[in-house]
Structure formats: structure tokens, C-alpha cells
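Peer 1: fold the following and give me the result.
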Amino acid sequence: METRFVRLAYSREQGPFSFANMHSVTHSVLLIILIFRGTNGDSVNQTEGPVTVLEGALMSLNCTYQTADFTPYLFWYVQHLNKAPQLLLRGLTADKKVEHEGFQATLVKKDSSFHLQKQAVQASDSAVYYCALSDTVMEGCRGS
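Peer 2: Residues are numbered from 1 along each chain as shown. Reported below is the predicted structural model:
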């Protein structure tokens, strides 16, 4: 039996995020808003660096945030090698679990957290993952 590992690069906006690979104007506008709105004291914190997980094991990536807004919106993006970032999950409602393709997260307002989990990670999940915060979602930018 062969043991395989999945390596996940886990980063913030300052990491290897690339607008050069962005093909959708809609997503470009949304991501620009997320990056430039940080002047009002809002922030997202997540552990940086590569995370290695045994294939088939539980994957958990932490994301905590600080904001004065009563209705924060949190997002997880995934960027596979040589691909544009894609919206993976969005948390718009407190204490409601959101799921997509085996990934899940719950926006927990009392802990200011939006941790990403997947029960059985696969080699195809190797990518860079970004947690982002926004206090507004424009109707035309609601994701894919």
C-alpha cells in the first residue's frame, strides 16, 4: 500500500496570488475590492506556509477575521497551479454551514472564524487557498 501526501499552500493576499491569470472581469473587480478595502481596520488571519496532509485524511485550514461590520462576508478561494483563483465557498449567514465539492466552512460570528475543512483530501486538492473578508457583495460578483 502506497502512502501519498497532499501539499496545500496556504496563504494571504501577499502570497503567490496572481491577477495576471485572472480571466473574468467580474472576479477581478471582486478581488480588487477585497484587497483595497483593508484601510478601515478589517483584517483576515490565517496560518501561512505549506500544509502537508495524508491523502484521505481530514484537512482543516483556519481563518479568523476582525471587522467592525455587523454583517461580514467571508470567502475561500482556491488557486491551482498555473490557474486563476476560483471562488470555493462564501459565508454570508452566521452559523450556517456552506459546502461545495466536499469542502465545508461555517461562518461563526462569536469566534470571528470561517475555517475550511474537507473530510477526505485528495491529490487533486493540492493548491493555494485564500481566505478573504468583505463587508459588501455586489450582485454581479456573487461567484461561480
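Peer 1: lowest average confidence, helix or strand, in the chain?
Peer 2: Among the helices and strands of the chain, helix 25-36 carries the lowest confidence by mean pLDDT, DSSP states H and E, at a mean of 38.
Peer 1: how about the next helix or strand after that helix: buried residues?
Peer 2: Next along the chain after helix 25-36, taking DSSP states H and E as the criterion, comes strand 43-45. Of the residues in strand 43-45, residue 44 count as buried by neighbour count, 16 or more other CB atoms under 10 Å. Where you see a C-beta, it was placed from the backbone N, CA and C, and this is true even at glycine.
Peer 1: which residues touch strand 43-45?
Peer 2: Applying CB atoms under 8 Å, 6 or more residues apart in numbering, the external contacts of strand 43-45 come out as 12, 63, 64, 65, 66, 67, 74, 131, 132, 133.
Peer 1: next one: stretch 106-122
Peer 2: If you take CB under 8 Å, 6+ apart as the criterion, stretch 106-122 is touched by 6, 8, 53, 55-67, 72, 74, 76, 88-89, 91-98, 102-105, 125, 129, 131.
Peer 1: in ChimeraX, select just the buried ones from those residues.
Peer 2: Here is the ChimeraX selection string for the buried members of the contacts of stretch 106-122, based on 16+ other CB under 10 Å:
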select :6,8,53,55,59,61,63,64,65,67,72,74,76,88,89,91,98,103,104,105,125,129,131
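Peer 1: keep only those of the contacts of stretch 106-122 that are in strands.
Peer 2: Within the contacts of stretch 106-122, residues falling in strands by DSSP state E are 6, 8, 53, 59-61, 64-66, 74, 76, 88-89, 91, 97-98, 103-105, 129, 131.
Peer 1: got the contacts of strand 43-45 as CSV, with distance to residue 112 columns?
Peer 2: Compiled in CSV, the contacts of strand 43-45 are given as follows (distance: CB to CB, whole Å):
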residue, distance to residue 112
12, 16
63, 9
64, 5
65, 5
66, 6
67, 8
74, 10
131, 12
132, 14
133, 10
